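[1] one predicted model, sequence on top.
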Number of protein chains: 6
Amino acid sequence: MIKDTIRDAVSEITNTCQNEDVFVTNEDQSRMPSRGVIIGILKDLRRIVFPGYFGDENISSSMPDYFLGNMMTEVYEALWQQIYMAFRYRDGFEYCDEKYEYRAKQISEHFISRLPYIQKMMLMDVQAGFDGDPAAQSKEDIIFSYPGLFAIYVYRIAHELYVQKVPFIPRIMTEYAHGKTGIDINSGAVIGKYFFIDHGTGIVVGETTEIGDYVKLYQGVTLGALSTRKGQQLAGVKRHPTIRDHVTIYANSTILGGQTVIGEGAVIGGNSFITQSIPAHAKVSYKTPKLDLNFDEHSDIWD
Amino acid sequence: MIKDTIRDAVSEITNTCQNEDVFVTNEDQSRMPSRGVIIGILKDLRRIVFPGYFGDENISSSMPDYFLGNMMTEVYEALWQQIYMAFRYRDGFEYCDEKYEYRAKQISEHFISRLPYIQKMMLMDVQAGFDGDPAAQSKEDIIFSYPGLFAIYVYRIAHELYVQKVPFIPRIMTEYAHGKTGIDINSGAVIGKYFFIDHGTGIVVGETTEIGDYVKLYQGVTLGALSTRKGQQLAGVKRHPTIRDHVTIYANSTILGGQTVIGEGAVIGGNSFITQSIPAHAKVSYKTPKLDLNFDEHSDIWD
Amino acid sequence: MIKDTIRDAVSEITNTCQNEDVFVTNEDQSRMPSRGVIIGILKDLRRIVFPGYFGDENISSSMPDYFLGNMMTEVYEALWQQIYMAFRYRDGFEYCDEKYEYRAKQISEHFISRLPYIQKMMLMDVQAGFDGDPAAQSKEDIIFSYPGLFAIYVYRIAHELYVQKVPFIPRIMTEYAHGKTGIDINSGAVIGKYFFIDHGTGIVVGETTEIGDYVKLYQGVTLGALSTRKGQQLAGVKRHPTIRDHVTIYANSTILGGQTVIGEGAVIGGNSFITQSIPAHAKVSYKTPKLDLNFDEHSDIWD
Amino acid sequence: MIKDTIRDAVSEITNTCQNEDVFVTNEDQSRMPSRGVIIGILKDLRRIVFPGYFGDENISSSMPDYFLGNMMTEVYEALWQQIYMAFRYRDGFEYCDEKYEYRAKQISEHFISRLPYIQKMMLMDVQAGFDGDPAAQSKEDIIFSYPGLFAIYVYRIAHELYVQKVPFIPRIMTEYAHGKTGIDINSGAVIGKYFFIDHGTGIVVGETTEIGDYVKLYQGVTLGALSTRKGQQLAGVKRHPTIRDHVTIYANSTILGGQTVIGEGAVIGGNSFITQSIPAHAKVSYKTPKLDLNFDEHSDIWD
Amino acid sequence: MIKDTIRDAVSEITNTCQNEDVFVTNEDQSRMPSRGVIIGILKDLRRIVFPGYFGDENISSSMPDYFLGNMMTEVYEALWQQIYMAFRYRDGFEYCDEKYEYRAKQISEHFISRLPYIQKMMLMDVQAGFDGDPAAQSKEDIIFSYPGLFAIYVYRIAHELYVQKVPFIPRIMTEYAHGKTGIDINSGAVIGKYFFIDHGTGIVVGETTEIGDYVKLYQGVTLGALSTRKGQQLAGVKRHPTIRDHVTIYANSTILGGQTVIGEGAVIGGNSFITQSIPAHAKVSYKTPKLDLNFDEHSDIWD
Amino acid sequence: MIKDTIRDAVSEITNTCQNEDVFVTNEDQSRMPSRGVIIGILKDLRRIVFPGYFGDENISSSMPDYFLGNMMTEVYEALWQQIYMAFRYRDGFEYCDEKYEYRAKQISEHFISRLPYIQKMMLMDVQAGFDGDPAAQSKEDIIFSYPGLFAIYVYRIAHELYVQKVPFIPRIMTEYAHGKTGIDINSGAVIGKYFFIDHGTGIVVGETTEIGDYVKLYQGVTLGALSTRKGQQLAGVKRHPTIRDHVTIYANSTILGGQTVIGEGAVIGGNSFITQSIPAHAKVSYKTPKLDLNFDEHSDIWD
């Protein structure tokens, strides 16, 4: 009988909800930050950073200051409320609301003041893409379409909030970009200017990674940790590599470890696996292994 | 003349529609299952399994049983109708409707009864993520944002329907997760508890894969078949590996073959390519090949 | 004070907008093509190419010609307007509008006339998927769910416009598919019939790639350029490989270079890295390196 | 305590739902017709009857037959399902489904066949409006905007279904128009061609009213029943007046009674109250009563 | 120059906003209640009071308690927040928030506890409609479609809040119904059970009106004040009539004045104008004036 | 057979479309103005005129100039395009596009420059409502809810366009308000300041009506033409009354004729029927007729 089945399932899950930490909240109202609103903020910010590209606004023949001012006001309002909820939810409401609200507004105001800087960084990233990709027919192509640029854009937004120790929201942002692009840049990474990601699917940039200026990454590159077996004990420890200026890392290479430094101007060949530091201007590759053009003896493998 | 062009194209495609198997249906009403509705079911189920995280409901200060009961009723209604359409569409309507409806409702009721179990499994998966990732600042982060958790969630839902031999729908579900996360877990795989996927983009888990408890996969791992040259003749044959409890497989490793067993507690290093069984507790890696730090002789490769 | 902060940020970004090339436009109305409309066109076209699968239309018991004719008319109207905006935007409005409108309509009409051909190609791609994947339970599964098929579909649409030198729109289309599937096929590539992509996440197919008939690609395959250090100077140069008929390329292999030709019927094993031509019918693989089952000496790597 | 309050209210209303006729249904699925879908049908039909006016379709430069054919197919599908639900709901499911479905499809097909007739009637109604209203600047004005035309349109649609004894739906339709326009025409009324309603707010046309050709009604006119004290005993009895061809009835007049006949060409002055038949070509009015220009003695009334 | 025109208009309206009472608010956040949310509450409540009629819920074959409990929880949450905003906005934020929140929750809880009563009243109103209108084919017709029932429903909801002295919201509610139906019932009126409104367009029921049980009103009836020349000085004064049980008032009659009492069982003929009390059981009408069937002498009037 | 039925209906309506004036357009693109866009403009303008009341904007704590400037820019863009389409559609495209575009932009710019004036007028109308209605608890109540204010607002907007001889759009606007409120004010009427409409349902104000300052109308008042038998020949002729300053007209009164002047300060009692001029300061009413309290002899009438 479906009615009984539902009643049983309801009662069991209700019970779980009342006993599991991640569901238990106090009696007061306890709104979580909303993924939908946060994604909306990212979309609005994109219209501020690249006006005319992602909305219906007809920026040229009209008045950018009104458009921008209105958008920023809306973003500010939405952002501080999300940050406020994030703080309150994390801390279980032990501090008074006013303090949270003040801090959330302070962070949001600072964030707004950073928007011109973010736009300038993004314009340099666009330039890096155009200079680096022969298939890019125009800078507009890059702004409209390149997933790498989108992932960098979201990272640059999220990083501002990570630096302010805002919980939940930076991760929601970068995972949104991850879902859209297959590029997973942790908001904690520190990344310089003129950053270019080509194709990008499968890229992982870990939380304590440092990346200099004029760096270029191809699809499938991992900038990761050597081991995370110690789990939460490693939180905050530098465990991802440092990439200096003007480094290029070709597709599907893996570079691991907090002590690993790729020196200025180095080029890392595709499919490399690197756990040691590389000197500046080195061109690193495995010797291409010899191919076996007739592998009948192990035809079970690739048939 | 555009009108003629359209008339010609219409007539040619109409003709194709009337002659190609995948478009020909009998005269009776023949609704296909709706991808949109199925994705809607996945979203509703997520609000049941993680109440308070993905909707507007304010679960704490209100009444979880009403919320859950109402959601389950809606899911049940939507699910049986989709299953019903899936059966009917697959079988060309040769059986009477009542039988399909009965079976669809039976499966859906059973599915509802499994929800508490699925929730318990998911909570263990959340715990596995928190224990396994130093960058996870909280379990809430994982629930909100981790694509690995989302892919596992969708797999656990879809697997319940795969087991009941529901056509189309499990695949629609897992490909939805694949699209969102880059993680492609076939709904036929059998996966234990405390499963953790980090980053995840590019992971492929094949249909006849078996995975034990406490297993951890990183991005780019393929658990695949050796060869599929025989196509549909291989349908149903065990052709993907078996992964025992407490195994860790690092990024971009490939493990192939239905006879391949990775023993309990084994650790597979990144970028491995494995087509043989590995004993329990082994730590498997290629010897890191020596890097060539100045590869001028093949500068045409990486310039 | 938030008001001052906003005013300052507005004024700085307004200034940037008036001085940066990518934002400066003339006084006339200068609508950019709309990503949203273009994605809408892709969705409508999918309902034309696979009628009954992606909309509410109940094609069997009703009248396909009306449905198709109406959809094509709508697509034609939307498409020529987007193409018109794309031309105008690219050329800075120096030519008269009528010329652009005429050309946009001409291209769109030609595009409509190609739809039956595109449908036929897609049906062969569906067949290739069904024949090639034992996990495919039906052709419907493939149409509904396979990301590889979706990426091919979008490529085939976008390629028609690329050939006509339409700016922006082909890239917007293929990057949309890239975002949805993790499969990045440049619209400039030339791809034959019965093309199958399995799993697909991480695939990159470069702009000047040529692919024959009956080719099969697995996830993570890159068909790329050797080096793009010369940036825009390489635009238009053949720099991606040629893949002949009946080639299979297994997962995560990388094939680079405009002179590289994979001969007819060749099989490329997984994780290969190829920068040389391969003769017809060769079965290419690295010799599987010997695994090191107890790598304690470098336990820092994989812990 | 809000939780207890909600539980109490739920239990009381649940109890009512299980005991009140209008809520009690049998165990089977018992969808009611959907007001939303029915209004959607009215909107689609308006795009068929007045193509180009109420949608985005660009009828002139494109292909009306595809547009119309597609719309009719959609309307047919939606309509028969609503009629089917209406029959099933009314009869408590005692008859078998197939019979209902057959009848619903039969009625819907007949309805489709009537659309050209309905369009012709509507075009005559447009002409009547243009001829009758000096403030109408064009026929387009009337089609776009006149509430009288909208109310007539909905009546003409609903009347077709009333004649076929479809339950619920005709009333839902005319009350929709009533809500939009303040004009309440019962779908049972019989109304000739060239019908014009000016302004229209407050008009009531009862179920058994008969109206000839070339009739003109102004706002506030009631064509009603003398008394309805006997309630349901009067159902089906002729109780509203008969209005012959070429009659004009000015604002706020009331004409009551099933035996009341307004003869051909008669003109009824404003604010009349008529319960007797009027001969053909009569011009009926009360003698204008003498005004009292200084009514201090009853200043309490109008102060 | 459009830019200057906009700047001038902006500056002038901004100035007005900062100087006009209705726009000036203090620096704190000052959300007004939202008309959209309030209308949403009315729609949700209608699904509680008439479950199964106005949503997709399939109440019969599923579980009304979950549906109802979930809806009530949502309504409670939305309602107290709107009431809270209404109080805060009205009082200029002089009281502390907690007090407003407490009062808003208290009122909302009381409101929820009244829902079973409201439902019972509505079911009696449905019965009154069915008994009173021969054109009503079923009670379902009345629930689905009758604007009179809708206006009464909204009145009964709004009246509960009026009694609790909630500002703004009752008026927003009744004006919503007024807009939908042309029936303007002030939420302050006191109305008994078995109330029936037929057709309804143009009905006005003033704030201090009292209406007994079993009363029936037709379209165009005004129950109004004699004079409102004194404006706000009359606020709160009884200035609209009292209608006793079992009274019927036919179409377009006007009854004015706070001292005017229509006695039990009285019948008021159509088009009456009454400013005096009427004894119980009286049947009131003007003598029908004699019609002038040939009014050539004043043919300028009705031509 | 439904397919044949549809084909027949399509062919017949297609034929009508190609032969009826109101559907025939030339081959060029011929977009009609869009009712939906025009209503959207009305809604946006309401947020400009009453900032903070009808949107989500939080005007007080944020920056009205950005909000207003952005809204005006959007309104300007949307409005000129609608006006452009209206001109083009009316004139059958005989003039060149540029001329239409220029005129449309000119009118729209002038319209924007009138917005501060319109706002000032509206604030006076709000004041008139508050002073005139004892049931108004605040000015906010009036802005939020009063249908009379909404109708006046739409009239004041539409009148600006009527004066500029914009076709279609003023009528679409005022009929929108008519539908929402039951108040039908022709956009051609000339109406002074401090205008108040109470309740309003059924009010008709004709095209050539003139209304002074401080005028108050109640529900059901008609300011109409004596006769419109001559139809389009009367277009442009003064045929509706003139109402001087400080006039009050009570409910359901009818005042007809282009020569009819209601003198300053006059009060017109309810249910009056006036076709002659009334001197200044007169208080006009019929003598209240004597009621017949027992009309058994004509019990057939009101039973």
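    Yep, that arrived. Residues are numbered from 1 along each chain as shown, chains lettered A, B, ... in the order given.
[2] from now on I want contacts and neighbour counts done on CA atoms only, so please keep to that.
    OK.
[3] from the middle of its chain, how far away would stretch A:275-289 be?
    Once both centres are worked out by CA atoms, centre = their mean, to the nearest Å, stretch A:275-289 turns out to sit 27 Å from its chain's centre.
[4] ditto for stretch A:5-12
    Relative to its chain's centre, stretch A:5-12 lies at 39 Å (CA atoms, centre = their mean).
[5] which residues sit against that stretch?
    B:65, B:68, B:69, B:72, B:73, B:109, B:112, B:113, B:114, B:115, B:116 (CA atoms under 8 Å, 6 or more residues apart in numbering or on different chains).
[6] next up, phi/psi of the fifth one, please.
    Residue B:73 adopts backbone torsions of phi -60, psi -40, taken as degrees, to the nearest 10.
[7] show the pLDDT at it.
    At residue B:73, the model reports a pLDDT of 90.
[8] do the same with the first one
    At residue B:65 the predicted local distance difference test score is 87.
[9] spatially nearest residue to residue A:280 (excluding sequence neighbours)?
    residue A:263 (3.8 Å; CA to CA, 6 or more residues apart in numbering or on different chains).
[10] hmm, residue A:248 and that neighbour touching each other?
    No - using CA atoms under 8 Å, residue A:263 is not in contact with residue A:248, being 10.6 Å away.
[11] which parts of the stretch 51-200 of chain A are helices?
    Remark: helices assigned in the stretch 51-200 of chain A by DSSP state H, counting those that start in this stretch are A:64-91, A:97-132, A:139-145, A:147-163, A:169-181.
[12] which of the residues in the fourth one are buried?
    Along helix A:147-163, these residues count as buried under the neighbour rule (16 or more other CA atoms under 10 Å in any protein chain shown): A:147-162.
[13] more neighbours, residue A:263 and residue A:248?
    Taking neighbours as other CA atoms under 10 Å in any protein chain shown, residue A:263 and residue A:248 compare with residue A:248 leading, 24 against 19.
[14] how close does the more buried one get to residue A:213?
    Distance of residue A:248 to residue A:213, given as CA to CA, to the nearest Å: 11 Å.
[15] please apply the same query to residue A:74.
    33 Å.
[16] related to what we said a few turns ago, how close does the residue nearest to residue A:280 get to residue E:121?
    Separation of residue A:263 from residue E:121 (CA to CA) stands at 81 Å.
[17] swap in residue A:131?
    74 Å.
[18] swap in residue A:22?
    Noted for residue A:22: a distance of 43 Å to residue E:121, by CA to CA.
[19] also residue A:193?
    69 Å.
[20] try residue A:226
    Taking CA to CA as the measure, residue A:226 falls 71 Å from residue E:121.
[21] chain D contacts on chain A?
    Taking CA under 8 Å from any CA of the partner chain, no part of chain A reaches chain D.
[22] quick one: name the residues of chain A near chain F.
    So chain A meets chain F at A:57, A:62, A:63, A:65, A:66, A:67, A:68, A:69, A:70, A:73, A:74 (CA under 8 Å from any CA).
[23] TSV for those, including neighbour count?
    Output for those, formatted as TSV (neighbours: other CA atoms under 10 Å in any protein chain shown):
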residue	neighbour count
A:57	21
A:62	22
A:63	19
A:65	22
A:66	24
A:67	26
A:68	28
A:69	28
A:70	26
A:73	25
A:74	19
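[24] could you dump the residues you listed into TSV and include distance to residue D:280?
    As requested, the residues of chain A next to chain F are exported to TSV (distance: CA to CA, whole Å):
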residue	distance to residue D:280
A:57	63
A:62	64
A:63	66
A:65	70
A:66	67
A:67	66
A:68	70
A:69	70
A:70	66
A:73	69
A:74	67
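[25] so where is chain A shaky, pLDDT-wise?
    A:24-31, A:56-62, A:92-97, A:228-229, A:286-303 (pLDDT under 70).
[26] gap between the residue nearest the centre of it and chain F?
    Nearest to the mean C-alpha position of chain A, by CA atoms, centre = their mean, lies residue A:174 at 3.3 Å. For residue A:174, the distance to chain F equals 28 Å [CA to the nearest CA, to the nearest Å].
[27] isn't that residue right next to residue A:188, touching?
    No - Residue A:174 lies out of contact with residue A:188 (CA under 8 Å); the separation is 10.2 Å.
[28] now the residue in the stretch 151-300 of chain A that chain D sits nearest to: closest residue in space that isn't a chain neighbour?
    Per CA to the nearest CA, residue A:168 is where the stretch 151-300 of chain A lies closest to chain D, at 30.6 Å. Among residues not flanking residue A:168 along the chain, residue B:141 sits closest, at 5.7 Å (CA to CA, 6+ apart).
[29] hang on, the earlier thing: and the residue nearest to residue A:280, how far from residue B:269?
    Distance from residue A:263 to residue B:269, by CA to CA: 25 Å.
[30] for stretch A:98-108, which positions count as buried?
    Here stretch A:98-108 shows A:100, A:101, A:104, A:105, A:107, A:108 as buried, counting by 16+ other CA under 10 Å.
[31] is chain C contacted by it?
    No - using CA under 8 Å from any CA, stretch A:98-108 never reaches chain C; the gap is at least 8.6 Å.
[32] so is that stretch next to chain E?
    No - Stretch A:98-108 stays clear of chain E (CA under 8 Å from any CA), getting no nearer than 11.7 Å.
[33] how far away from the center of its chain is that stretch?
    24 Å.
[34] so what touches that stretch?
    A:76, A:79, A:80, A:81, A:83, A:84, A:87, A:88, A:161, A:164.
[35] stretch A:80-100: end-to-end distance?
    One end of stretch A:80-100 sits 10 Å from the other (CA to CA).
[36] on that earlier part again, measure the residue nearest to the centre of chain A to residue F:171 for me?
    From residue A:174 to residue F:171 the distance is 50 Å (CA to CA).
[37] also residue A:182?
    Applying CA to CA to residue A:182 and residue F:171 gives a distance of 52 Å.
[38] give me the more crowded residue out of those two.
    More neighbours surround residue A:182 than the other of residue A:182 and residue F:171, with 38 against 28 (other CA under 10 Å).
[39] does that one touch residue B:201 like I think?
    Yes - taking contacts as CA under 8 Å, residue A:182 lies within contact range of residue B:201: 6.0 Å.
[40] what sits in contact with each of the two?
    A:201, A:202, B:181, B:182.
[41] would you turn the residues you listed into JSON lines with distance to residue E:33?
    JSON lines is the format used below for the shared contacts of residue A:182 and residue B:201 (distance: CA to CA, whole Å):
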{"residue": "A:201", "distance to residue E:33": "46"}
{"residue": "A:202", "distance to residue E:33": "47"}
{"residue": "B:181", "distance to residue E:33": "40"}
{"residue": "B:182", "distance to residue E:33": "43"}
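[42] closest one of the residues you listed to residue E:242?
    The closest of the shared contacts of residue A:182 and residue B:201 to residue E:242 turns out to be residue B:181 (CA to CA; 67.6 Å).
[43] correct me, but the closest one touches residue A:182?
    Yes - in this structure, residue B:181 is within contact of residue A:182 by CA under 8 Å, at 7.1 Å.
[44] between the two, which contacts overlap?
    Counting by CA under 8 Å, 6+ apart, the residues touching both residue B:181 and residue A:182 are residue B:201.
[45] need the contact list for the residue of the stretch 101-250 of chain A found nearest chain D.
    Here the residue of the stretch 101-250 of chain A nearest chain D is residue A:144; by CA to the nearest CA that distance is 26.7 Å. When contacts are counted by CA under 8 Å, 6+ apart, residue A:144 touches A:53, A:54, C:35, C:168, C:172.
[46] and the contacts of stretch A:98-108, which two are furthest apart?
    Using CA to CA, the two most remote members of the contacts of stretch A:98-108 are A:76 and A:88, lying 18.2 Å apart.
[47] is the residue nearest to residue A:168 in contact with residue A:170, as I believe?
    No - using CA under 8 Å, residue B:141 makes no contact with residue A:170, being 9.8 Å away.
[48] ok, those two, which is more surrounded?
    When residue B:141 is set against residue A:170 and neighbours are counted by other CA under 10 Å, the residue ahead is residue A:170, at 26 against 20.
[49] for the more buried one, which non-adjacent residue is closest in space?
    residue A:158 is the one closest to residue A:170 (CA to CA, 6+ apart), at 4.6 Å.
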